[in-house]
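Q: just coords:
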């Protein structure tokens, strides 16, 4: 079974009641939604608006029923092809699992629990994030509350199907106070570059650390980043995300901005500070951030919206507000948004949708930076905690696999 290549046609046709006479066609749409002009396929995703877009295979069908975790999920990450899924979870006592790794075997995932590393300090590691390399061989895991909230990061390597902890924990050189080092972590695609956020460092100013890493060698500290802005910066390093090529790092804050840093001949410098468009008064940019593989497209959270930004010849510009889902129920908050490496697919979720049941949506990019909802919302089936809200969301680098967690229940779509 090719779990990452299920056609969009296999999704539940929740629109059937609205288009009872239409027949399904490309990507889960209906014939009334599609027309062709020469060799181009055009999709009508909202009344009266036709756009041309590449026909993309995107997650649409739930794989299995529901996967149950041993404790509350905190963060999810997927490998490039979606065959490896890492879930950071909250350990309740010394020796408990603080990490669950799922491996796709014959079309379904099998779970492996990883216990607390032996050098954790404190009985209840509260994980910040997980990050996988493209191959799914290298894994970084952060615990922002280790050692009285100083925080730490651990590296794991997968060899012959076995996950092995490498060395001792990584901490932040020069961290000032209880900075919560490891509240967010990010690996580049090759898995040889690690960024670690420390968002409460130096009286909540925040910082981000970069390390060179390699198997059986101690991590090599490269630099510590802080942002330059005309306004005070709070919690620099709230969420971070490397481009796959490792040349660009997106860094969110809790002070209404996202910073872009680039690596030029080994020197990391600030390229831009992004803010929400002026017309969206009250939109606080700086929650979740996700960047494409080449670092040229970025999606950033600005509750209740998500915005997409573009880089051309080193200059950043605002692209679009990610459209409000046509099938959302209630207040349409977009909590987390992730983008595929090719920059053509975005997944977003909403905790409060449909009286807190929650849902996720897939968007694909058409021409002229046009983002269009690709089929109806994704809602996990078989679970019992649908009113508890999302505790993690991930999209594989190739955009073919999506996963989200609701406390201890995990759902995967392909």
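A: Right, received. Where do you want to start? Being a predicted model, the structure only gives us computed values, none of them experimental.
Q: tell me the contacts of residue 168?
A: residue 119 (C-beta atoms under 8 Å, 6 or more residues apart in numbering). (Each C-beta comes from the backbone N, C-alpha and C, glycine too.)
Q: i'd like the first residue to be 52 from this point on
A: All set: I'll call the first residue 52, so the last point we hit is now residue 219.
Q: direction included, what does the helix or strand where it lies pair against?
A: In the assignment (DSSP states H and E), residue 219 maps to strand 213-221. Here strand 213-221 has these sheet partners by DSSP bridges: strand 203-210 (antiparallel).
Q: show me where pLDDT drops low in this protein?
A: Scanning the chain with the threshold set as pLDDT under 70 gives 52-106, 143-146, 174-179, 437-440.
Q: let's see it at 50
A: The chain contains residues with pLDDT under 50 at 52-79, 82, 88-91.
Q: on that earlier part again, identify each buried residue in the strand holding residue 219, please.
A: 214, 216-217, 220-221 (16 or more other C-beta atoms under 10 Å).
Q: look up how far residue 396 lies from the residue nearest to residue 391 when sequence neighbours are not counted.
A: Spatial nearest neighbour of residue 391, chain neighbours left out: residue 450 (3.3 Å); criterion: C-beta to C-beta, 6 or more residues apart in numbering. Going from residue 450 to residue 396 by C-beta to C-beta, to the nearest Å gives 4 Å.
Q: in the stretch 102-251 of the chain, which spans are helices?
A: 197-200 (DSSP state H, counting those that start in this stretch).
Q: mind listing the strands for it?
A: 118-119, 124-129, 135-140, 148-156, 159-166, 178-183, 189-194, 203-210, 213-221, 236-238, 244-249 (DSSP state E, counting those that start in this stretch).
Q: contacts for the fifth one, please.
A: Pointing back at strand 159-166 there. 54, 114-115, 118, 121, 136, 146-154, 207, 214, 463.
Q: and with 6 Å instead?
A: Applying C-beta atoms under 6 Å, 6 or more residues apart in numbering, the contact partners of strand 159-166 are 115, 146, 148, 150-154.
Q: so which pair among these is furthest apart in space?
A: Spanning the widest gap among those are 115 and 146, at 28.7 Å by C-beta to C-beta.
Q: how about the buried residues of strand 213-221 in JSON lines, adding distance to residue 202?
A: Formatted as JSON lines, the buried residues of strand 213-221 follow (distance: C-beta to C-beta, whole Å):
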{"residue": "214", "distance to residue 202": "22"}
{"residue": "216", "distance to residue 202": "17"}
{"residue": "217", "distance to residue 202": "18"}
{"residue": "220", "distance to residue 202": "9"}
{"residue": "221", "distance to residue 202": "10"}
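Q: re earlier: for the strands of the stretch 102-251 of the chain, which one sits closest to residue 369?
A: strand 236-238 (23.3 Å).
Q: list the residues that contact residue 338.
A: Here residue 338 is in contact with residue 352 (criterion: C-beta under 6 Å, 6+ apart).
Q: sorry, that was for residue 453
A: 110, 398, 446, 464.
Q: show the contacting residues for the closest residue to the last one other than its chain neighbours.
A: Spelled out, that is residue 464. Of all residues beyond its chain neighbours, the one nearest residue 464 is residue 110 (3.9 Å), with distances taken as C-beta to C-beta, 6+ apart. Applying C-beta under 6 Å, 6+ apart to residue 110 gives the contacts 453, 464-465.
Q: return the set of buried residues in stretch 233-250.
A: In stretch 233-250, counting by 16+ other C-beta under 10 Å, buried: 233-240, 242, 244-250.
Q: which of the contacts of residue 453 ranks first by neighbour count?
A: residue 446 (31 neighbours; other C-beta atoms under 10 Å).
Q: that one touches residue 398, doesn't it?
A: Yes. Between residue 446 and residue 398 there is a contact at 4.5 Å, judged by C-beta atoms under 6 Å.
Q: give the residues shared as contacts by these two.
A: 389, 453.
Q: now list the buried members of the contacts of strand 159-166.
A: For the contacts of strand 159-166, buried by 16+ other C-beta under 10 Å: 148, 150-154.
Q: looking at these, which is nearest residue 372?
A: residue 153 (33.6 Å).
Q: quick check: the closest one touching residue 136?
A: Yes. Using C-beta under 6 Å, residue 153 is in contact with residue 136, at 4.2 Å.
Q: now the terminal residues of stretch 254-261, how far apart.
A: The straight-line separation of the ends of stretch 254-261 (C-alpha to C-alpha, to the nearest Å) is 20 Å.
Q: identify the residue spatially nearest to residue 383, adjacent ones excluded.
A: Counting by C-beta to C-beta, 6+ apart, the residue nearest residue 383 is residue 375, at 4.7 Å.
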